[in-house]
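With the sequence up front, the predicted model follows.
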Amino acid sequence: AEETDTLSKEDLQERLADVEQDILTYGTYKHTQDELEFGCRLAWRNSGRCIMRKVSFSLELQDCRNVTTAQDCFDYIVEHLLYAANGGSIKPLISIFPPKLDGQSAPVRIWNRQLLG
C-alpha cells in the first residue's frame with residue numbers, strides 16, 4: 001500500500017467496526033495486508049537505528065502469518081533470504097510470522113533477531 005492511500009469515510013467506519021467486533025469476540029484482531037505494510041514501513045522509517053530507512057517506501061512484505069510448522073517457517077526464511085539477496089542487489093524485505101496469542105504457545109519461534117549475523 002502506498003502511504004498516500006486513504007480509505008473513504010464509509011470504508012474507515014466499516015473497518016473500525018470490524019476491528020471492534022473482532023476485539024470483543026476474540027480479544028484481538030488481524031491486520032489487513034495494507035495495514036501491515038503501512039505499519040512496517042512506518043516503523044522502519046521512524047527507527048533511528050536502522051540503515052536505509054530513507055527508502056522505507058520500497059520495503060516489501062512477505063506475509064507468513066499462515067505458518068504453523070517449523071518446516072514452513074524454514075521454507076519461508078530460505079525464500080526470504082534468496083529474494084532479499086536478489087543476486088547481490090539487496091532488496092528491503094520483512095517477513096511477518098504469526099503472533100503468539102494469549103494462553104497459547106507460539107506457532108513458530110525464531111531465536112535470533114536477524115537471520116544472518
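Sure thing, it's come through.

so how far is Tyr26 from Ile94?
Between Ile94 and Tyr26 the distance, using C-beta to C-beta, to the nearest Å, works out to 25 Å. In short, each C-beta sits where N, CA and C put it, glycine included.

Now the closest residue to Thr68 other than its chain neighbours: phi and psi?
The spatial neighbour of Thr68 that comes closest, neighbours along the chain excluded (C-beta to C-beta, 6 or more residues apart in numbering), is Pro107 at 5.3 Å. Main-chain dihedrals, Pro107, degrees, to the nearest 10: phi -60, psi -40.

these two touch, right, Pro107 and Cys64?
No. Applying C-beta atoms under 8 Å as the test, Pro107 and Cys64 come out as separate, 10.0 Å apart.

Longest helix in the protein, please.
Ranked by residue count under DSSP state H, the longest helix found in the chain is helix 9-26.
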